[in-house]
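In: When you get a sec, could you give me coordinates for this:
(one chain, ligands or ions: 2)
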Amino acid sequence: MKKIRVGIIFGGRSGEHEVSLSSAESILKAINKNKYEVVLIGITKKGKWIISENPLKLLKSQVEKEEVVPVALIGEPSDRQIIPISNKKTRVERIDVFFPVLHGPYGEDGSVQGLFELADVPYVGSGVAASAIGLDKDLMKKIFRSEGLPVADYIVFKRKIWEENSKKIISKIEEEIRYPCFIKPANAGSSVGITKVHCPEELSTAINIAAKYDRKILAEVAIDAREIECSLLGNDEPEVSVPGEIIPANEFYDYEAKYHSENSRLIIPARSSEKKIHELQDIAKKAFKAMDCAGMARADFFLEKKTEKVYINELNTIPGFTKISMYPKLWEASGLPYTDLIDKLIQLAIENHKEKSKNITRYI
Ligand SMILES: Nc1ncnc2c1ncn2[C@@H]1O[C@H](COP(=O)(O)OP(=O)(O)O)[C@@H](O)[C@H]1O
Ligand SMILES: [Mg+2]
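Out: Residues are numbered from 1 along each chain as shown. Ligands and ions are numbered 1, 2, ... in the order given. Just a heads-up that it's a prediction; the model follows:
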C-alpha cells in the first residue's frame, strides 16, 4: 500500500515555539512509519519555513541558518507542493495531509489552516473559524454563553481604551469583577501575559502586561477551583476521554508551572463522582460542537471547590502533544494508545476534507 505523506509542521512565530518542538518530536517518534511517510516542516521564530535539513534538529539548536533553503506552500490547489523559495535546490514534496503542531498565534489561530484551505489539502484539527475562535478568549466565551454553557464572569476592553482612559477601566473592573481577578490577553496561550490580581495595587501592572500581547484584554472573576480537563476526538460527533486533574505547582497554572516546574502534577483519571464526570463530558462535547471544532480539542474546566459548580474555561484546538501532555495521556487512560491516536487524527482529517469537498461552489 502506498504510504500517506504527512507534513508535520512545527515551531513557528508564537511564544509556544519550544513546546511545539517537543510536541512534534513526540509525534514523529510515535507515528506509524509503515503507514505514513513523514515530511518535517519547521517554521523558525522569524517565520521562515524549512525542510531542507533536519528542521527539528535545526530549530532545537535555535539557529536561523542562512544557507537553509526556505520553502513555501502556495495557496493554489494544483499539486499540494512545498516549493523552495530560492532556486538553489529543487526539492518539492506532495503532501497528502498536514499535521499542524503549532501552538498559539500563527498556527493554532486559523491562519495556517486558511493556507491549507486555499491549497485544498486535508489537515489535522479544526478549520479556520473554530481555530480563530479558540484562540480568542472573548469570542470563545461568547459562543459558549450563546449555547447556555457556564462561563466565569468577565469583561473585555481594548488596549487603546485602556491607554486613553485607564480610570474608567479600573472602576469598571472594581465594580463588576472585583478581587481577586485574572487579567488576560484575549489572544495568547500557555498562560503568557496572564496575571492573578489580588488587590487594587496590582491591577495596572497586570493590565500593562496583558496589553503587551494583545489589543484585546479580559478581566475575569477568579474562581477558587480545581482544574479539570477532558480530551475530545472526532468530527461532528466527538468522543470524550476520562477527565484529568491538574495540580499546579504555583498559585495558578502559569507558564512556569506548566513547563518548568517539576512540582505540577496530573492526576489521571480525576477523582470525582460519576455524575460530575458526566456533566463535564457533556459540556465538553457541547462546547466542541458549539465552536464547530474538528479532529481534536482539549476542554479545560474549573470545578469550584466550595460549590462543585462547573465552569468551562476554554477549548484548545491544538493541545500540547508531548508524551507527557494531558491530551494524549487522557486518551491512553481511556484505552487509546498514542500511536493509534495519531492514526485516528490523520484519518479524521481525511474524512473531514472529503466531507467539505462535497460542497458545490456554483449557483444552481
Ligand atoms: N477565572 C479564573 N479563575 C481561576 N483560575 C484561573 C482563571 N482564569 C485563569 N486561571 C488560571 O490561569 C491559567 C491560564 O489561564 P487560561 O485562561 O487557561 O489561559 P491559557 O490559554 O494561557 O491557558 C489557568 O489554567 C488557571 O490556572
Ligand atoms: Mg488554559
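
In: thought P328 was touching D340?
Out: No. The criterion here is Cβ atoms under 8 Å, and P328 misses it with D340 at 10.3 Å. All C-beta spots, glycine's among them, are computed from the backbone N, C-alpha and C.

In: if you count what's nearby, which of these two comes out ahead?
Out: P328 (27 against 14; other Cβ atoms under 10 Å).

In: Kindly confirm my reading that that one is in a helix.
Out: Yes. With DSSP: H, G, I helix; E, B strand; the rest coil as the criterion, P328 is part of a helix.

In: Quick one: residues contacting the residue nearest to it when sequence neighbours are not counted.
Out: In space, P328 comes closest to Y338 once its chain neighbours are excluded; the distance is 5.1 Å by Cβ to Cβ, 6 or more residues apart in numbering. Neighbouring residues of Y338 by Cβ atoms under 8 Å, 6 or more residues apart in numbering: 26, 30, 323, 328, 331-332.

In: Please report how far Y338 lies from Q113.
Out: Remark: distance between Y338 and Q113 (Cβ to Cβ, to the nearest Å) = 24 Å.

In: Now name the helix or strand holding the residue lying closest to D120 once chain neighbours are set aside.
Out: With sequence-adjacent residues excluded and distances taken as Cβ to Cβ, 6+ apart, D120 is closest to P77, at 3.4 Å. Assigned by DSSP states H and E, P77 belongs to neither a helix nor a strand.

In: Got phi/psi on P77?
Out: phi -80, psi 50 (degrees, to the nearest 10).

In: Wait, it touches P122, no?
Out: No. The criterion here is Cβ under 8 Å, and P77 misses it with P122 at 11.8 Å.

In: Compare neighbour counts for these two and give me the winner.
Out: Neighbours around P77 and P122, counted as other Cβ under 10 Å, are more numerous at P122. The numbers are 24 against 11.

In: mind listing what that one touches?
Out: With Cβ under 8 Å, 6+ apart, P122 has these contacts: 96-98, 116, 349-350, 352-353.

In: okay, now the closest residue to K45 other than its chain neighbours: neighbour count?
Out: Distances taken as Cβ to Cβ, 6+ apart place H17 nearest to K45, at 5.6 Å, with adjacent residues excluded. By the criterion of other Cβ under 10 Å, H17 has 20 neighbours.

In: For H17, give me the pLDDT.
Out: pLDDT, H17: 90.

In: Also K65?
Out: The model reports K65 with a pLDDT of 68.

In: now do S61
Out: 86.

In: Ligand 1 versus that one, what's the distance?
Out: Applying Cβ to the nearest ligand atom, to the nearest Å, the value for S61 to ligand 1 is 27 Å.

In: count of neighbours near that residue?
Out: 8.

In: cool, E274 as well?
Out: The tally of other residues near E274 (other Cβ under 10 Å) stands at 7.

In: Are we agreed that A210 is in a helix?
Out: Yes. A210: assigned to a helix according to three-state DSSP.

In: if I pick it, what's in contact with it?
Out: With contact taken as Cβ under 8 Å, 6+ apart, A210 is in contact with 183-185, 193-195, 217-218.

In: if you set the cut-off to 10 Å instead, what comes out?
Out: Counting by Cβ atoms under 10 Å, 6 or more residues apart in numbering, A210 touches 159, 162, 182-186, 188, 192-195, 216-219.

In: buried subset of the contacts of Y338?
Out: Buried by 16 or more other Cβ atoms under 10 Å: 26, 30, 328, 331-332, out of these.

In: which among those residues gets closest to ligand 1?
Out: P328 (17.6 Å; Cβ to the nearest ligand atom).

In: Enumerate the residues of this protein near ligand 1.
Out: 152, 182, 184, 188-191, 194, 220-223, 225, 227, 248, 252-253, 300, 302, 313-314 (Cβ under 6 Å from any ligand atom).

In: Quick one, which of these are buried?
Out: Buried, going by 16+ other Cβ under 10 Å: 152, 182, 184, 188-191, 194, 220-223, 225, 227, 248, 253, 300, 302, 313-314, out of the residues of the chain next to ligand 1.

In: A helix includes N187, no?
Out: No. Judged by three-state DSSP, N187 forms no part of a helix; its state is coil.

In: Count the neighbours of the residue lying closest to it once chain neighbours are set aside for me.
Out: In this structure, N187 finds its nearest non-sequential neighbour in D214, 4.8 Å apart by Cβ to Cβ, 6+ apart. By the measure other Cβ under 10 Å, the count of residues near D214 is 21.

In: swap in K196?
Out: For K196, using other Cβ under 10 Å, the count is 16.

In: Three-state assignment for it, please.
Out: Secondary structure assignment for K196 (three-state DSSP): strand.

In: you'd agree it is up against C181?
Out: Yes. Taking contacts as Cβ atoms under 10 Å, K196 lies within contact range of C181: 7.7 Å.

In: which neighbours do the two share?
Out: Residues touching both K196 and C181 by Cβ under 10 Å, 6+ apart: 202, 206, 222.

In: can you tell me which residues contact the last one?
Out: This means A222. 152, 177-182, 196-198, 252, 302.

In: Among the contacts of Y338, name the least confidently predicted one.
Out: K323 (79).

In: coming back round to it: would you confirm that the residue nearest to D120 contacts L115?
Out: No. Contact between P77 and L115 fails when scored by Cβ under 10 Å: they sit 11.4 Å apart.

In: The nearest residue to K137 once chain neighbours are set aside: neighbour count?
Out: Distances taken as Cβ to Cβ, 6+ apart put A186 closest to K137, at 4.9 Å, once the chain neighbours are dropped. A186 sits with 22 neighbouring residues when counted by other Cβ under 10 Å.
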